[in-house]
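K.L.:
quick one: sequence plus predicted model below, questions after.
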Amino acid sequence: MAAEVHAELRLRDGQKRSVRVQTGTGTVALGSLISAVRELSHSVTCLLTELVQQEQSACAAGEELSEDEDDDEDASDSEPQSKQTKP
């Protein structure tokens with residue numbers, strides 16, 4: 001008798017990602033199930049690693065953007081001082 005091991009991940013944006021692994025058929029059903037669970041665990045780990053890397057990239061890009069905005073604010077604060085004329 002064949003079985004299936006299934007995991008579902010719900011992302012922050014509401015999307016769902018499913019991972020399914022079929023167990024083998026044969027006389028050693030428990031061994032087949034253990035193997036399928038290991039394969040499922042590996043697949044989920046790879047999926048989560050990919051998501052973490054995407055979030056880290058997005059955070060790094062956001063930090064670079066905020067640093068650029070800080071530089072712009074500093075520049076705009078210093079401009080009026082340099083344009084002032086002394087009477």
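P.N.:
It's in. Numbering: from 1, shown residues only.

K.L.:
could you pull out the helices in the protein for me?
P.N.:
Taking DSSP state H as the test, the helices found in the chain are 29-83.

K.L.:
report the helix or strand with the lowest average pLDDT across it.
P.N.:
Considering only helices and strands, the least confidently modelled element of the chain by mean pLDDT, DSSP states H and E is helix 29-83, at a mean of 76.

K.L.:
if Thr7 is in a bridge, with which residues?
P.N.:
Wrong residue type there; residue 7 is Ala, not Thr. The bridge-partner assignment for Ala7, based on DSSP bridges, gives Val19.

K.L.:
relative to Gln56, how far out is it?
P.N.:
As for Ala7, its distance to Gln56 is 23 Å (criterion: CB to CB, to the nearest Å). (Glycine included, C-beta is placed from N, CA and C.)

K.L.:
count of neighbours near Met23?
P.N.:
One correction, residue 23 is Thr, not Met. Using other CB atoms under 10 Å, Thr23 has 20 neighbouring residues.

K.L.:
oh sorry, the question was meant for Cys46
P.N.:
Burial of Cys46, expressed as a neighbour count using other CB under 10 Å, amounts to 11.

K.L.:
could you check how far it is from Gly24?
P.N.:
Applying CB to CB to Cys46 and Gly24 gives a distance of 21 Å.
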